[in-house]
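Trainee: below are the sequence and a predicted model for it; my questions follow.
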Amino acid sequence: MTKDFTFSIKSIPFDEEYHPLDGTRITTNFANLARGESRRENLRRALRMIDNRCNELACWDNPDADRYGVELDIVSVELDIEGKGDAFPAIEILKTTIVDRKAGTRTDGITGNNFSSYVRDYDFSVRLPDYNKGRESFGIPEDFGDLHGKLFKSFIASDAYTSRFAKRPVICLSVSDNKTYHRTANRHPVLGAEYTPSDTSLTEHYFSKMGLQVRYFMPPNGKAPLAFFFFGDLLADYTDMELIATISTMETFQKIYRPEIYNANSAASAAFRPSLRNEDHSLTRIVYDREERSRLATTQGKFAQDHFITPHRAILDEWSARYSN
């Protein structure tokens, strides 16, 4: 395997005092909440929702539903290609910590959860539209996602990651609104009812290039399945409390950003087709501009093109061609 690039990690708490760092993608879930006049109230309400959902799921030995809290850290990953200290903000993920107020303990949760990447913005918002200009039918480049996937796997195998985190990441995303999901007989006490999709998606294809497989579960008292992307065995490799902290965090984000699906007034049926046009839903009191977020994805994809892909294309192409898992 060719010599890998150098990864470095920075971490900052996601709390009521959070302000996005200079290199943070401004479309990121947590960064979007921390903007504007309502930033502090946004953060306070989101964190309260996370803790409440955690205590709802971790209901044993918890009669007052206040035993647990979830602390979040934003993990920012920088990539130095040439070893000259000129780092590019490659990836941002979240790390959870479970606080047990009764026992007085703090336990590491799952790393991953939210996933943010400038290169993914480039692939989906710049490269893919450019590839399809003038085509009669939608197409996908044969090597679509190859570079991004290899960069991600290289980071997970790096000393920067393995020296800091004991377990491999789990990424938790929303379901697609152009597929139907069918409930199975499989039940997990924390993850809930498992669903299977009617077909594969471009997102699944893209994340498979990162070495990740996917399963869909709707947690108890949830309104829609969540997509869990993972290495290894999702059900065996993580504790119930680790999974609860991830569900609490990412379901809260989805209630804010996709209320039509995750804050619907009725739960997903046995055959479920999500819709962003569902009017039978409730809004949280958290300010969020979804249209702005979509526009900025293209801006940030072009940033990756101008500051990472184009100036380092020869090095990236050579590294990608020589990379092995």
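Mentor: Happy to help now that I have it. Just so you know, these numbers come straight off a predicted model, no measurement behind them. Residues are numbered from 1 along each chain as shown.
Trainee: could you say which helix or strand holds the closest residue to K153 other than its chain neighbours?
Mentor: Sequence neighbours aside, G211 is the residue nearest to K153 in space, at 5.0 Å (criterion: C-beta to C-beta, 6 or more residues apart in numbering). In short, each C-beta sits where N, CA and C put it, glycine included. Element membership for G211 (DSSP states H and E) is empty, with no helix or strand holding it.
Trainee: please apply the same query to the one 5 residues further on.
Mentor: Element membership of Y216, judged by DSSP H and E, is strand 213-218.
Trainee: related to what we said a few turns ago, now the residue nearest to K153: how far from S154?
Mentor: Using C-beta to C-beta, to the nearest Å, G211 is found at 10 Å from S154.
Trainee: swap in E16?
Mentor: E16 is 35 Å from S154, by C-beta to C-beta.
Trainee: those two: which has the busier surroundings?
Mentor: S154 (19 against 14; other C-beta atoms under 10 Å).
Trainee: can you pull the phi and psi angles for the nearest residue to P189 once chain neighbours are set aside?
Mentor: In space, P189 comes closest to D240 once its chain neighbours are excluded; the distance is 7.0 Å by C-beta to C-beta, 6+ apart. Reported as degrees, to the nearest 10, the phi and psi values for D240 are phi -60, psi -40.
Trainee: would you agree D240 is in contact with P219?
Mentor: No. With contact defined as C-beta atoms under 8 Å, D240 and P219 do not form a contacting pair (11.4 Å).
Trainee: higher neighbour count, those two?
Mentor: Each of D240 and P219 has its neighbours counted (other C-beta under 10 Å); P219 has more, 23 against 14.
Trainee: all strands of the stretch 51-200 of the chain, in order?
Mentor: Assigned by DSSP state E, counting those that start in this stretch, the strands in the stretch 51-200 of the chain fall at 68-80, 87-100, 105-117, 170-174, 181-188, 192-197.
Trainee: distance to A46 for those - can I get that in TSV?
Mentor: What follows is these, written out as TSV (distance: least, C-beta to C-beta, whole Å):
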stretch	distance to A46
strand 68-80	10
strand 87-100	12
strand 105-117	12
strand 170-174	15
strand 181-188	26
strand 192-197	22
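Trainee: on that earlier part again, chain center to the strand holding Y216: distance?
Mentor: 13 Å (C-alpha atoms, centre = their mean, to the nearest Å).
Trainee: how about stretch 138-155?
Mentor: 17 Å.
Trainee: burial count for the residue nearest to K153?
Mentor: Residues near G211, counting by other C-beta under 10 Å, number 17.
Trainee: check contacts around it.
Mentor: By C-beta atoms under 8 Å, 6 or more residues apart in numbering, the residues touching G211 are 149, 152-153, 156, 231, 325.
Trainee: could you identify the pair within these that is furthest apart?
Mentor: Distance extremes for the contacts of G211: the farthest pair is G149 and F231 at 12.7 Å, using C-beta to C-beta.
Trainee: low-confidence stretches in the stretch 1-150 of the chain?
Mentor: Filtered on pLDDT under 70, the stretch 1-150 of the chain yields the residue ranges 1-4, 19-37.
Trainee: what do you get for the stretch 201-325 of the chain?
Mentor: Where the stretch 201-325 of the chain drops to pLDDT under 70, the residues are 287-294, 325.
Trainee: how about JSON lines for the contacts of G211, with neighbour count added?
Mentor: Putting the contacts of G211 into JSON lines (neighbours: other C-beta atoms under 10 Å) gives the following:
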{"residue": "G149", "neighbour count": "21"}
{"residue": "F152", "neighbour count": "25"}
{"residue": "K153", "neighbour count": "17"}
{"residue": "I156", "neighbour count": "20"}
{"residue": "F231", "neighbour count": "17"}
{"residue": "N325", "neighbour count": "9"}
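Trainee: now the residues you listed as a markdown table including distance to R53?
Mentor: Putting the contacts of G211 into a markdown table (distance: C-beta to C-beta, whole Å) gives the following:
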| residue | distance to R53 |
| --- | --- |
| G149 | 31 |
| F152 | 28 |
| K153 | 31 |
| I156 | 28 |
| F231 | 25 |
| N325 | 36 |
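Trainee: so which of those comes closest to Q300?
Mentor: Among the contacts of G211, F152 lies closest to Q300 (C-beta to C-beta), at 17.4 Å.
Trainee: do you know how far the closest residue to that closest one other than its chain neighbours is from L94?
Mentor: Distance criterion C-beta to C-beta, 6+ apart; nearest residue to F152, sequence neighbours excluded, is M210 at 4.4 Å. Counting by C-beta to C-beta, the separation of M210 from L94 is 17 Å.
Trainee: tell me, how many neighbours does L234 end up with?
Mentor: L234, neighbours per other C-beta under 10 Å, totals 18.
Trainee: helices along this structure, start to end?
Mentor: With helices called from DSSP state H, the chain shows them at 29-33, 39-57, 118-122, 128-132, 146-157, 159-162, 202-208, 234-237, 240-257, 259-262, 290-304, 313-322.
Trainee: L79: which of these is closest?
Mentor: Set against L79 and scored by C-beta to C-beta, these come closest in helix 146-157, at 7.1 Å.
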